[in-house]
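Participant: Curious how this folds, go ahead:
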Amino acid sequence: MGTSAWVPTACYQCKAECSILARVEDGQVKEVRGNPRAHGKACVKGMAGIALEYSPDRLLYPMKRVGKRGEGKFERISWAEAMSILTAKLRDLKDRGEAHKLTASFFPHSITDPKWRFLNAYGGFINTALPHCDSAKIVACLKTMGGVPNHHIPPAHFTVPRGGIIILVGRHAFGGLDNAAVPRDILDAKARGAKLVVIDPIFTPDAAKADQWIPIKPGGDTAFFLGMIHHIVTQGLYDKDFGELGS
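Facilitator: Numbers count the residues shown, from 1 in each chain. From the prediction side, this is the model:
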């Protein structure tokens with residue numbers, strides 16, 4: 001008779017790393033659910049992780065192309081051989097004075113990340129404008145403030161009280177999740193009496209749930225927020241006890 005158990009673990013389909021329960025039968029994952037002791041939610045991307053885990057196209061070891069590009073002919077090689085090939089190509093590129101042509105596309109977790117150190121030492125180029133991630137936000141904070149925002153922790157929407165306001169701008173909380181529980185937390189806050197304002201040119205699923213949708217023009221974020229700041233300052237609506245504005 002086979003064995004079956006629910007194993008607490010973490011999803012790694014994205015950076016949110018939600019707490020999940022995986023149903024394991026005879027050593028194979030069969031089902032994924034959110035862990036009720038930690039928000040209790042798993043998004044469709046997380047649940048689809050089973051298909052990724054057991055996909056016949058998943059790479060399990062280094063493969064070297066033996067045919068022409070596009071023919072789909074590869075052979076398995078050792079990790080040592082793979083590292084040797086990679087090292088030789090990197091050394092040749094640097095010896096030719098063309099290290100800057102190496103482009104690495106990855107997520108920068110911090111300014112002390114070993115990936116940054118390697119690229120800085122080698123002389124390559126770091127591309128972090130990934131369309132499926134918030135890398136652009138991280139890099140913007142690095143360049144302007146010298147530090148990294150705590151991007152792994154989603155906004156605490158579950159703490160927004162009655163009468164509070166949630167403003168979503170430049171993000172799709174109901175689609176691009178920080179955490180699988182984010183949509184539920186926003187809807188729970190609305191049920192308590194909080195207001196949801198969505199600022200987006202597109203009528204997104206977030207806008208459909210909003211108390212107010214502000215359809216700004218594409219690229220109009222800067223003008224919109226400068227207008228808000230101007231109104232707050234000229235009307236004296238800012239908290240004067242919190243901090244005085246310079247002249």
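Participant: The protein - how does it break down into domains?
Facilitator: In terms of domains, the chain is parsed into 4-53, 63-145, 157-215 (source: automatic domain parsing).
Participant: What's the end-to-end length of stretch 191-209?
Facilitator: 12 Å (CA to CA, to the nearest Å).
Participant: Need the contact partners of that stretch.
Facilitator: Here stretch 191-209 makes contact (CB atoms under 8 Å, 6 or more residues apart in numbering) with 160-170, 172-175, 186-187, 189-190, 210-218, 220-221, 224. In short, each C-beta sits where N, CA and C put it, glycine included.
Participant: What is the neighbour count of the residue nearest to Tyr12 when sequence neighbours are not counted?
Facilitator: Counting by CB to CB, 6 or more residues apart in numbering, Tyr12 lies nearest to Gly49, which is 7.7 Å off, once chain neighbours are set aside. Neighbour count for Gly49, taken as other CB atoms under 10 Å: 18.
Participant: Just give me the longest helix of the protein.
Facilitator: helix 79-95 (DSSP state H).
Participant: re the thing from before, narrow the contacts of stretch 191-209 to those in strands?
Facilitator: Among the contacts of stretch 191-209, DSSP state E puts Ile165, Ile166, Ile167, Leu168, Val169, Gln212, Trp213, Ile214 in strands.
Participant: quick revisit: report the buried members of the contacts of stretch 191-209.
Facilitator: Val160, Ile166, Leu168, Ala173, Phe174, Ile186, Ala189, Lys190, Ala210, Trp213 (16 or more other CB atoms under 10 Å).
Participant: beta partners for the nearest residue to Ile85 once chain neighbours are set aside?
Facilitator: The spatial neighbour of Ile85 that comes closest, neighbours along the chain excluded (CB to CB, 6+ apart), is Lys64 at 7.4 Å. Beta-bridge pairing for Lys64 (DSSP bridges): Glu75.
Participant: what sits against Lys64?
Facilitator: Counting by CB under 8 Å, 6+ apart, Lys64 has contacts Phe74, Glu75, Arg76, Ile77, Glu81, Ala82, Ile85.
Participant: Can you give me the pLDDT of Phe107?
Facilitator: Among the per-residue scores, Phe107 shows a pLDDT of 60.
Participant: Identify each buried residue in the helix or strand hosting Ala208, please.
Facilitator: Using DSSP states H and E, Ala208 sits in helix 205-209. For helix 205-209, the neighbour count (16+ other CB under 10 Å) marks Asp206, Ala207, Lys209 as buried.
Participant: quick one on the thing from earlier: distance of the residue nearest to Ile85 from Ala104?
Facilitator: 21 Å (CB to CB, to the nearest Å).
Participant: mind exporting stretch 20-39 as CSV, just the C-alpha atoms?
Facilitator: These are the backbone C-alpha positions of stretch 20-39, laid out as CSV (Å, rounded to 0.1, in the frame of the first residue of the first chain):
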residue,chain,number,x,y,z
ILE,A,20,2.3,25.8,0.9
LEU,A,21,1.3,22.2,1.6
ALA,A,22,2.4,19.6,-0.9
ARG,A,23,0.6,16.2,-1.0
VAL,A,24,3.2,13.6,-1.6
GLU,A,25,2.3,10.1,-2.7
ASP,A,26,5.1,7.5,-2.9
GLY,A,27,7.7,10.2,-3.2
GLN,A,28,5.9,12.2,-5.9
VAL,A,29,4.1,15.5,-5.5
LYS,A,30,0.4,15.2,-6.5
GLU,A,31,-1.2,18.4,-5.3
VAL,A,32,-0.3,21.8,-3.9
ARG,A,33,-2.4,24.0,-1.6
GLY,A,34,-1.8,27.1,0.5
ASN,A,35,-0.7,26.5,4.1
PRO,A,36,-3.6,27.6,6.3
ARG,A,37,-1.1,28.4,9.1
ALA,A,38,0.5,31.0,6.8
HIS,A,39,-2.2,32.9,4.8
